[in-house]
Structures are given as C-alpha cells and as structure tokens.
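**Student:** next one to model:
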Amino acid sequence: MKYAIIENEEYLRENLRLTISSICPDSECVFTAETVEDSVRFFSKSNDVQLIFMDIELDDGTCFDIFETVEIDIPVIFTTSYSEYAIKAFKVNSIDYLLKPIDDDDLQRAIEKFQKRSRQERVDPQIYRNINLEGATRGPRKRLLVSNSNGYSYISTTDIAWIEAEDKYVSIVTINGNITLTDIKSLGDVAMVLDPDNFFQVSRGVIASIGSIRKVSKYFKGRLKIDLHAGELQREELVSAARREQFLEWLGYV
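**Tutor:** The predicted model follows:
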C-alpha cells in the first residue's frame, strides 16, 4: 500500500507514519505535505498513491481547498481535531474520520476498511470475472435487470453506452440514447458484475463502455477528457491524473 500524509505538524506526521508501518509493514509513505499548495502541486501530477491520511487544518488553509483546486479520487482517512467537518469530509472520498489523539485500534480498523473496499472496487479482470453483487462465483453479467411500474425487464450489457450516478439514482444509457432509471444502489455494485474488458469507471459518476468513447484528449494537470456518444446524446467526462495510466492501459495503451 502506497500512501500520503497531509499534516501540518511534523511530529504528528512522523508518529502517524510509524503507526501505519506497524499496522501495515509492507506499506510505503510516498509523499508528505503540510500545506494546501504543496498538496495541490503533487496531486496535479500523475502518482501512484492509493490512500491519503489527511488533516483538516493546514498551514495555508483547509484540506477542502485541495479538493476544490484539483480532482482527487483517492480514498481518504481524515485525522483531525475538528469534529464539525465530519459531514463535509464524507463527501470527498472519505473512508473514515478519526479524531485526535488517534487511537491505534481505530486507525487499524480504518485501514482494514480501506483494504476491504479496495478488494471490492479494484478494476482487475481476474477478480471481476469471478464476482457478482451477491459475491457468488460466476462470470460477467450479460444483462442487467431493471424494474418499472408494470414489472421487470432487462438490458443487455452489449446495448449499454454508459451508466451514470447522480444524487441517489443510477441510470443506464443505451447506445441508441435511451435512459432508464434503475434500482441499482451504487456504481460500485454494478461495476463488479460488468466485463472489465468492455467497461471502465472513468469518473466518480460514470462507468463507460468502450463503444461509447469517441475521443480521448489530453487535459490540464495530467487529466484526460473523453467524449461519450449514445445516439443523439453526448457527454464529456474527465479521467483524473491518478487514474490516467490505468485508463490508458484499459483503452489499449502499450
């Protein structure tokens, strides 16, 4: 596990690093910072950080200034003295919210929560080919069940252009441009049953099929802009710098 620590107190950074090392001996701290400016500079570039330990109050602002400046889709464990930020924190990739002084057992549980989530969400063909929503062993689904006022129907996965999540709702957009509201609870759920050769979660709110991608362009701060098409529908999404290499590898980059 490669991780970063964003904390403005040097002794707290070092103490946290030592504690994490004792919990996860194979972990590696690849970046530390005490300011918003240094954090933005680092996360604006491609990196291989898998988890961030982040304080709220930094030397030149709050950590939320980082999220407002650069897109970060890396999971975060917040380590702070300020309980009033908890609700806001859980809107930005939060795994857990630990109040200082941090209890070692609480920290271990938070890391274990991250590890469990990583196993569930990792885009790995060898894993996803053998997972479905209930955890049973089977291959990728060839169709998804949808309900309506009259009963049930299904959509073949070969007909799906992309799947999008907005607020609490997940919709399926087909290649001819039809949009169907579903009972799917999260993109993470449906991602586990789709064929990883044909589908990729390009952003926090969209899983795209390979056939829906018309154009991929380089964008600011190491990101990629992709143009999606489904019938007369068009949509632009940004792939973060952190996921750039993974996306290009999926797309066919050599």
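**Student:** okay, now the unreliable bits of the stretch 151-254 of the chain?
**Tutor:** Counting by pLDDT under 70, the stretch 151-254 of the chain contains low-confidence ranges at 253-254.
**Student:** now do the helices in it.
**Tutor:** 187-191, 244-251 (DSSP state H, counting those that start in this stretch).
**Student:** next, format the ones you listed as JSON lines and append mean neighbour count and distance to Val70.
**Tutor:** The way it works is simple: take the backbone N, C-alpha and C, and place the C-beta from them, glycine included. Formatted as JSON lines, the helices of the stretch 151-254 of the chain follow (neighbours: other C-beta atoms under 10 Å; distance: least, C-beta to C-beta, whole Å):
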{"stretch": "helix 187-191", "mean neighbour count": "18", "distance to Val70": "22"}
{"stretch": "helix 244-251", "mean neighbour count": "16", "distance to Val70": "13"}
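**Student:** would JSON lines of these with distance to Asp59 be doable?
**Tutor:** Putting those into JSON lines (distance: least, C-beta to C-beta, whole Å) gives the following:
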{"stretch": "helix 187-191", "distance to Asp59": "35"}
{"stretch": "helix 244-251", "distance to Asp59": "29"}
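**Student:** to Ser46, which of the ones you listed lies closest?
**Tutor:** Ser46 sits nearest to helix 244-251 of all the helices of the stretch 151-254 of the chain, at 5.5 Å, using C-beta to C-beta.
**Student:** mind checking the end-to-end distance for stretch 236-247?
**Tutor:** Terminal residues of stretch 236-247 lie 15 Å apart, using C-alpha to C-alpha, to the nearest Å.
**Student:** stretch 45-60 now?
**Tutor:** 20 Å.
**Student:** buried residues in that stretch, which are they?
**Tutor:** By neighbour count on 16 or more other C-beta atoms under 10 Å, the buried set for stretch 45-60 is Asn47, Val49, Gln50, Leu51, Ile52, Phe53, Met54, Asp55, Ile56, Leu58.
**Student:** give me the spatial nearest neighbour of the fourth one, chain neighbours excluded.
**Tutor:** Okay, so that is Leu51. Once flanking residues are discounted, Leu51 sits nearest to Tyr3: 4.4 Å by C-beta to C-beta, 6 or more residues apart in numbering.
**Student:** ok, the closest residue to Leu233 other than its chain neighbours - how many residues close by?
**Tutor:** What sits nearest to Leu233 in space, not counting adjacent residues and going by C-beta to C-beta, 6+ apart, is Gly177, at 4.6 Å. Using other C-beta atoms under 10 Å, the number of residues around Gly177 comes to 13.
**Student:** hmm, Gly177 is touching Leu228, no?
**Tutor:** No: using C-beta atoms under 8 Å, Gly177 is not in contact with Leu228, being 11.3 Å away.
**Student:** thinking again about what came up before, may I have the strands that pair with the helix or strand where the residue nearest to Leu51 lies, each with its orientation?
**Tutor:** Here Tyr3 sits within strand 2-6, counting by DSSP states H and E. With DSSP bridges as the test, strand 2-6 is paired with strand 28-33 (parallel), strand 51-54 (parallel).
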